[in-house]
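Enquirer: I would like to see how this sequence folds:
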Amino acid sequence: VQLQASGGGLVQAGGSLRLSCAVSGSTVEINTMGWYRQPPGEQRDLVADISSGGVTRYADSAKGRFTISRDNAKSTVDLRIDVPEPGDTAVYFCYARIRTGTYLASRWADYWGQGTLVTVSS
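Expert: The predicted model follows:
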């Protein structure tokens, strides 16, 4: 199982940006999916996550300008950033809690994407 993130890059403040993450490989079930970010020299923190039923949770710093969504049929999770600010500059990581194996013999584990760099210029 792999997670592949895309959509990062250089963006000007005040624009809009969408990050996408796709799960590939054999899975039995995908539970929570989400995004974390790690600014330069800082720790990795939650931005937002979304349950398989569509319930969302946002960090206080992400409320209002970030929107998380997922497509269960495609096993993807997106993060839209509206009016990005220089303070949003970070490496963004997607993750998913995934059950693999078979229905009779399976295990849950957290999987992470490789990270995509978002740089917001003022």
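Enquirer: every contact and neighbour count from this point should use C-alpha atoms.
Expert: Fine.
Enquirer: got a list of contacts for stretch 28-35?
Expert: The contact list for stretch 28-35 (C-alpha atoms under 8 Å, 6 or more residues apart in numbering) reads 46-52, 68, 70, 75, 77, 79, 92-103, 106.
Enquirer: err, stretch 66-80, not the other one
Expert: Residues contacting stretch 66-80 (C-alpha under 8 Å, 6+ apart): 16-24, 30, 33-35, 48-50, 52, 54, 56, 81-82.
Enquirer: let's go with 6 Å and repeat that
Expert: For stretch 66-80, contacts defined as C-alpha atoms under 6 Å, 6 or more residues apart in numbering pick out Leu17, Arg18, Leu19, Ser20, Cys21, Ala22, Val23, Ile81.
Enquirer: ranking those residues by neighbours, who comes first?
Expert: Most neighbours among the contacts of stretch 66-80, by other C-alpha atoms under 10 Å: Cys21, with 28 neighbours.
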